[in-house]
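Asker: Structure for the following, please:
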Amino acid sequence: MTDARQLVIAIDGPAGSGKSTIAARLAKKLGYVNLESGAMYRAIALKALEHQVDLDDASALRSLADTTVIRLEPQPDGNRVLLDDRDVSQRIRESDVTLAASRVSVHPAVRQVMVARQRAMGARGGVVMEGRDIGTAVFPSADVKVFLDADPRIRAERRVAQNSTHTPEEARRIVEDLIARDQRDRTRAVSPLVPASDAVILDSTNLSIDDVVDRVEELVRQKLSS
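Answerer: Predicted coordinates:
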């Protein structure tokens, strides 16, 4: 689908709802850029772990974010994530970074830096951006807003299925971590995980990836024709 208008599409939702996969596929179909806010927070978290920065020290994390360069380079199979010119695309998906990112992202000082960069990256439109507060905080004027949700048990199963080598103990820990992350995201003081008032809420519990992409693409078509 191509059009002279370059929209900003915001896809929010909890961990395991499928928003990263949906955003990547939708961006590819539309010829848009996929901006992963989560990858940016993961990159900061990785740098904090590597430099042994206290994940509860907001001031130190803010300083770290201020001096960090993060680039997202679209690839056929998803974004290549560069942290200070180093490819960390795979490393930031590992469990220790995932847990650290959920702690780093709760700090308002860090979010201030990241939101400013995300707005700059999407200022010209033609982007699909996914995260937890894109439609409420980053791009409150986004042209299309979707809140993608799913049953917590299904979301946990999806996370486990991403790596078939997980032991039963690791799988149990993934479920526990997801529940804890949900709690942190939904109750944090700044930009909590809530649907924007004008977002379309899609429950992906019983939908395939193609089903969800088709539904969001239809929302885009409606917007372009309005």
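Asker: Quick check: end-to-end length of stretch 194-214?
Answerer: 23 Å (C-alpha to C-alpha, to the nearest Å).
Asker: Stretch 73-93 too?
Answerer: Span of stretch 73-93 from end to end, C-alpha to C-alpha: 16 Å.
Asker: any idea of the mean pLDDT for that stretch?
Answerer: Averaging pLDDT along stretch 73-93 gives 90.
Asker: what does it rub up against?
Answerer: 24, 27-28, 33-34, 36, 39, 42-43, 45-47, 68-72, 97, 101 (C-beta atoms under 8 Å, 6 or more residues apart in numbering). In this view, the C-beta of every residue, glycine as well, is placed from N, C-alpha and C.
Asker: Weed out the non-buried ones from those residues.
Answerer: By neighbour count, with 16 or more other C-beta atoms under 10 Å, the contacts of stretch 73-93 hold 24, 27-28, 33-34, 36, 39, 42-43, 45-47, 68, 70, 72, 97, 101 as buried.
Asker: center of the chain, which residue is that?
Answerer: For the chain, the residue nearest the mean C-alpha position is G131 (3.2 Å; C-alpha atoms, centre = their mean).
Asker: separation between the closest residue to that one other than its chain neighbours and A120?
Answerer: The shortest distance from G131 to any non-neighbouring residue, by C-beta to C-beta, 6 or more residues apart in numbering, is to S37 (3.4 Å). Applying C-beta to C-beta, to the nearest Å, the value for S37 to A120 is 13 Å.
Asker: More neighbours: which of these two?
Answerer: S37 (26 against 9; other C-beta atoms under 10 Å).
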